[in-house]
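Q: turn this into a structure:
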Amino acid sequence: MDHRCSIVAAAMLLAASLMPGDSAGQPRTPAATTPPSTSAGKAPPAATAGGQTVLDSFNPQSVSNGPTAATVFTLIVPAVITQIQTYHWNGGKGAKPGTLALRDQNGRFYGPWPAKGEPGGKDATPNALWTVSPNVTLPAGTYAVVDSDLSTWSTNLIAGNRGFARVLGRPAK
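A: All right, here's what the predicted structure looks like:
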């Protein structure tokens with residue numbers, strides 16, 4: 001079954017769509033699931049950088065590591081991507097920040113950009129949130145979020161086994 005979520009920022013006519021596939025063109029093995037009774041793996045608060053939400057696959061349920069489906073969004077019009085954020089709860093250990101990038105439907109990469117680690121989750125796990133502020137202008141098209149550490153990137157069934165990511169943007173001028 002194809003799970004899709006569509007978010008449209010009316011002023012920008014931006015749509016986010018979660019579609020099947022892999023986020024970095026690499027095979028991944030699903031990791032062990034965080035026990036349902038563990039509350040520390042809950043999603044952190046929303047990103048705070050300027051811009052409208054283009055993609056938000058975060059949810060408050062327990063997480064596991066290693067997404068098995070692509071985390072993608074579609075821009076209907078050109079946009080400036082102001083922030084990308086991913087979540088690496090990693091069993092309450094966080095993860096050393098790596099890089100984040102975007103890959104378009106033709107395989108072209110934007111980035112990678114070095115991520116800044118920030119505390120996240122209900123337990124404020126160090127380096128659970130990886131954030132970049134690329135301020136890159138993208139043409140209309142479909143983009144996958146590419147995270148350098150798939151083995152610690154958080155996911156769950158509610159997210160359709162896609163990585164937890166937030167992408168913020170604004171219309172390109």
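
Q: pretty sure residue 103 is touching residue 143, no?
A: Yes. With contacts counted by CB atoms under 8 Å, residue 103 reaches residue 143, the gap being 6.6 Å. (Each C-beta comes from the backbone N, C-alpha and C, glycine too.)

Q: would you mind measuring from the nearest residue to residue 155 once chain neighbours are set aside to residue 171?
A: Residue nearest to residue 155 in three dimensions, not counting chain neighbours: residue 67, with 4.0 Å by CB to CB, 6 or more residues apart in numbering. Separation of residue 67 from residue 171 (CB to CB, to the nearest Å): 29 Å.

Q: pLDDT weak spots in the protein?
A: For the chain, the stretches flagged by pLDDT under 70 are 1-50.

Q: secondary structure class for the residue nearest to residue 155?
A: Secondary structure assignment for residue 67 (DSSP: H, G, I helix; E, B strand; the rest coil): coil.

Q: need the residues touching each of residue 103 and residue 143.
A: residue 110 (CB atoms under 8 Å, 6 or more residues apart in numbering).

Q: between those two, which has more neighbouring residues?
A: Remark: of residue 103 and residue 143, residue 143 carries more neighbours, 24 against 20, as counted by other CB atoms under 10 Å.

Q: alpha carbons of the helix or strand harbouring the more buried one, as CSV, please.
A: For residue 143, the host element (DSSP states H and E) is strand 141-147. The C-alpha atoms that make up strand 141-147 are tabulated as CSV, following Å, rounded to 0.1, in the frame of the first residue of the first chain:
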residue,chain,number,x,y,z
GLY,A,141,10.4,19.1,-8.7
THR,A,142,10.6,16.1,-6.3
TYR,A,143,13.4,15.9,-3.8
ALA,A,144,14.7,13.2,-1.3
VAL,A,145,16.2,14.1,2.0
VAL,A,146,19.6,12.4,2.2
ASP,A,147,21.0,11.8,5.7
